[in-house]
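> Sequence first, then the predicted structure, then my questions.
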Amino acid sequence: MERPPLAKRLKRFLRYVLIRGVLLCLQPLPLSWARALGAWLGGLAYTVAGGERRKALKSLSVAFPEKSDAERRTLARACFRHLSAAALEVACTQSLDRGLEGLVSWPDEDRKVLDTALARGKGVVFVTGHVGNWELLARRVARAGYPSQSIAKETSDPRLTGLVERFRARGGVRSIWRGQDGAARAMLRALRSGEILGILIDQDTKVQSVFVPFFGKLASTPRAAADLAVRTGASVVAGFCHRVEGGGYRLSMEEVCLPEVEDREEAAVALTAALSERIEAAIRRTPEQWVWMHQRWKTRPPAALPEAPRAASG
């Protein structure tokens, strides 16, 4: 692999040092302090980060054309505040792990969904999106004793990738880095061992994808979760970790049945669409808790594909 230019290597090193220093300062903070600081910083970011603000407002105009400009601006600001608060909460690892069960509630009926899926013995493909706090979702499940691995993309800096990997490992979540040698075998091995394999599929990324509806518009959606489930017969669970009143979070889970079709390609597309539908529903419940600055519809489908019908807004 070609070595990056000196200027880029220096920039990455300084970024790593800054992030590492900030994390060291944040670790001992009480969660309430970190949450308040994060919300303030998120509001500031909404004001000064014009490019990201415009991306968020553009995405919101696609998803919620019925809302006024003022309503979408309010949602966008709340999105920035939520994401920043969630990031700082996660950084407070000392306070976080001491009070994780109190911070993230997991109702019995939702835990039963996962237990039933695991009891079949073929592993669980656990699908979620960048809704609420996905890091706390994985950490809460793993620290409750469920064997868990997550599929993730490496950062451009191996040092930052290492930071993320160590954070997740301390919470009991092992990482499978997409694109690394042996990643596909590791995914299959996890399912064959009866483990939970977590995958986020709500972003337009450079992976094998299919076009399925998302807020009434076809979106390029990663197909790995569906392909794995169709190939192995693993159970499929969609789950989310939403922020609730009072500052905590609540886990919700739902099993998604495999399509009853013999053709694997048709089954994978249908399952991806069903999972994307669950993610959209989760976003509609708390629209301020999704990453609207992500350009979800940047990859356009072939002209031969008809656009998706728009779901009724809730």
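Yep, it's here.
> separation between residue 86 and residue 64?
Distance, residue 86 to residue 64, by CB to CB, to the nearest Å: 22 Å. (Each C-beta comes from the backbone N, C-alpha and C, glycine too.)
> And these two? Which one has more around it.
Neighbours per residue, other CB atoms under 10 Å: of residue 86 and residue 64, the larger number sits with residue 86, 24 against 17.
> Nearest residue to that one in space, please, no chain neighbours.
residue 133 (4.6 Å; CB to CB, 6 or more residues apart in numbering).
> residue ranges of the helices in this protein, please?
6-26, 31-48, 50-63, 69-91, 93-98, 100-103, 108-118, 134-143, 158-170, 183-192, 224-232, 264-285 (DSSP state H).
> For the third one, give me every contacting residue.
Looking back up the chat, that one is helix 50-63. In this structure, residues lying in contact with helix 50-63 by CB atoms under 8 Å, 6 or more residues apart in numbering are 45-47, 67, 72-73, 75-76, 79-80, 215-217, 283, 287, 292-297.
> Which of those are buried, as a PyMOL select command?
Here is the PyMOL command that selects the buried residues among these (16 or more other CB atoms under 10 Å):
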select buried, resi 45+46+67+72+73+75+76+79+80+215+216+217+283+287+292+293+294+296+297
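> how about the nearest residue to residue 220 once chain neighbours are set aside, phi and psi?
Using CB to CB, 6+ apart and skipping residues adjacent in sequence, the residue nearest residue 220 is residue 299, 4.0 Å away. Per-residue torsions, residue 299: phi -90, psi 120 (degrees, to the nearest 10).
> Next one: residue 299 from residue 59, what distance?
Note on residue 299: its distance to residue 59, by CB to CB, is 14 Å.
> same thing with residue 151?
Using CB to CB, residue 151 is found at 24 Å from residue 59.
> about what we covered before: residues touching the residue nearest to residue 86, list them.
Counted by CB under 8 Å, 6+ apart, residue 133 has contacts 86, 89-90, 241, 243, 249.
> Highest neighbour count among those residues?
In these, the most neighbours by other CB under 10 Å go to residue 241, 27 neighbours.
> so who does it touch?
Applying CB under 8 Å, 6+ apart, we find residue 241 in contact with 104, 128, 131-134, 136-137, 140, 249-251.
> How many neighbouring residues does the closest residue to it other than its chain neighbours have?
Nearest residue to residue 241 in three dimensions, chain neighbours excluded: residue 137, at 3.7 Å (CB to CB, 6+ apart). Using other CB under 10 Å, residue 137 has 26 other residues around it.
> Next, the residue nearest to residue 143 when sequence neighbours are not counted: phi, psi?
Spatial nearest neighbour of residue 143, excluding adjacent residues (CB to CB, 6+ apart): residue 172 at 5.3 Å. Backbone geometry at residue 172, expressed as degrees, to the nearest 10, gives phi 90, psi 10.
> ditto for residue 301
Backbone torsions for residue 301, taken as degrees, to the nearest 10, come to phi -70, psi 160.
> Give me the distance between the residue nearest to residue 220 and residue 19.
30 Å.
> try residue 194
Distance from residue 194 to residue 19, by CB to CB: 36 Å.
> Next: residue 116.
Applying CB to CB, the value for residue 116 to residue 19 is 40 Å.
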